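A.B. asks: this is a predicted model, with the sequence first.
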Amino acid sequence: MIKLDHISKRFGDIAALGDVSFEIPASQITIVAGADGAGKSTLFKIMVGLVKKDSGQIYFKGRDIGSDFSQITAHTGYMPERFSLYPDLSVEENLNFYADIRHVPHKQREERKHQLLEKTGMLPFKKRRAGALSGGMKQKLSLSSILLSAPEFIILDEPTTGVDPLSRLEFFNIIEDLKKEGKTIAISTPYLDEAERGDYIVFLKDGHVFKRDSIENLRQQFPAKLFRILPDGNIFDIMESVKKNSQLSESLYIRGKYIKYLQSGQESLLNLIPHREVEEEKPKLEDMYIYYERLAKKQRT
């Protein structure tokens, strides 16, 4: 549905985005994953015309939009990272205000408002002030407000930051229902565990894409084996000792009480790591992010 072609953006001496290119497939959930400062929010703001790009093209349904972002925004619901509705208004008043802005006809408004409040579990709280809602409920209200105009393309900028685990789960259940309705959804997140629920993923760091593909392809074609190691000794001392072997040290990282080892070649170096237990496990997106980010860094140097 949307194609970004060589998008770049600088803020003074800071390169926020550098030559970013990828496509957002229709009727799928696309995840843009990266840590704080990766450029996720800047990228989404550029897509809806809130920030001006320095170079590159944006295509919507195969057409170069040029500087006319109304071609995108007329079909898009954009939810920024920070809660942006009015805290002194009630849930229902906020929805009415947003419906007025988007010129939603009154008859459709009431029907959609009731459906959205019911779907998100917010119906019993429609008279509550938005400022008195929990973090998860505020995000549901924000999502409901952008859905009032029935957009076909939904952009969510870090929608679950600061939200409790149960609310995150409920939020993504709603997102999956929207996908079933045929919506095209783009989500930015620093949480790779919730990225597992997407269809397509873009790994972003320091304003650069270092890997992009369907999540299914990544899982099927991941070139490394992953081992979870229970170390025999102090985990930090062991990690310090393996630094002498650059090939090994670049393949290890700590997760809790375990050392994770990404074996990318045929030769195993497990015997160089003092251990009590070793178990091979299925790589998750977090492991893939680490593997491809380190590979990209190695290729740059």
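C.D. replies: Arrived safely.

A.B. asks: CA only for contacts and neighbour counts going forward, please
C.D. replies: Fine.

A.B. asks: distance of residue 39 from residue 189?
C.D. replies: 11 Å (Cα to Cα, to the nearest Å).

A.B. asks: kindly report the same for residue 130.
C.D. replies: Separation of residue 130 from residue 189 (Cα to Cα) stands at 24 Å.

A.B. asks: what does residue 175 give?
C.D. replies: Distance of residue 175 to residue 189, given as Cα to Cα: 14 Å.

A.B. asks: these two: who's more crowded?
C.D. replies: residue 189 (23 against 20; other Cα atoms under 10 Å).

A.B. asks: so the more buried one is in contact with residue 36, correct?
C.D. replies: No: in this structure, residue 189 is not within contact of residue 36 by Cα atoms under 8 Å, at 9.1 Å.

A.B. asks: who touches both of residue 175 and residue 189?
C.D. replies: Residues touching both residue 175 and residue 189 (Cα atoms under 8 Å, 6 or more residues apart in numbering): there are none.

A.B. asks: which helix or strand lies directly C-terminal to the strand or helix carrying residue 185?
C.D. replies: Assigned by DSSP states H and E, residue 185 belongs to strand 184-189. Per DSSP H and E, the first helix or strand lying C-terminal to strand 184-189 is helix 192-195.

A.B. asks: what helices or strands is that following helix leaning on?
C.D. replies: In terms of contacts (3 or more Cα pairs under 8 Å, 6 or more residues apart in numbering; DSSP states H and E), helix 192-195 is packed against strand 29-33, helix 285-300.

A.B. asks: average pLDDT for the helix or strand just after it?
C.D. replies: Following helix 192-195 in sequence order, the next helix or strand is strand 200-205 (DSSP H and E). When pLDDT is averaged over strand 200-205, the result is 96.

A.B. asks: same question for stretch 19-26.
C.D. replies: Mean pLDDT, computed over stretch 19-26, is 95.

A.B. asks: buried residues, that stretch. List them.
C.D. replies: The neighbour-count check on stretch 19-26 (16 or more other Cα atoms under 10 Å) flags 20, 21, 22, 23, 24, 25, 26 as buried.

A.B. asks: so which of those sit within strands?
C.D. replies: Counted as lying in strands by DSSP state E, out of those, are 20, 21, 22, 23, 24.

A.B. asks: any chance of those residues in a markdown table, plus distance to residue 216?
C.D. replies: Compiled in a markdown table, those are given as follows (distance: Cα to Cα, whole Å):
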| residue | distance to residue 216 |
| --- | --- |
| 20 | 22 |
| 21 | 20 |
| 22 | 17 |
| 23 | 16 |
| 24 | 15 |
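
A.B. asks: next SSE after the helix or strand hosting residue 117?
C.D. replies: Residue 117 belongs to helix 106-119 when assigned by DSSP H and E. Sequence-wise, the next helix or strand downstream of helix 106-119 (DSSP H and E) is helix 135-147.

A.B. asks: elements contacting that following helix?
C.D. replies: Helices and strands touching helix 135-147, by 3+ Cα pairs under 8 Å, 6+ apart, are strand 76-79, helix 91-101, helix 106-119, helix 165-180.

A.B. asks: contacts for the lowest-mean-pLDDT helix or strand in the chain, please.
C.D. replies: Least confident helix or strand of the chain, by mean pLDDT, DSSP states H and E, is helix 246-249 with a mean of 83. Contact with helix 246-249 is made by 239, 242, 243, 269, as judged by Cα under 8 Å, 6+ apart.

A.B. asks: pick out whichever of the residues you listed sits closest to residue 293.
C.D. replies: residue 243 (18.7 Å; Cα to Cα).

A.B. asks: what is the neighbour count of residue 148?
C.D. replies: By other Cα under 10 Å, neighbour count at residue 148 equals 24.

A.B. asks: am I right that it is in contact with residue 113?
C.D. replies: Yes: with contact defined as Cα under 8 Å, residue 148 counts as touching residue 113 (6.7 Å).

A.B. asks: what sits in contact with each of the two?
C.D. replies: With Cα under 8 Å, 6+ apart as the test, residue 148 and residue 113 both reach residue 95.
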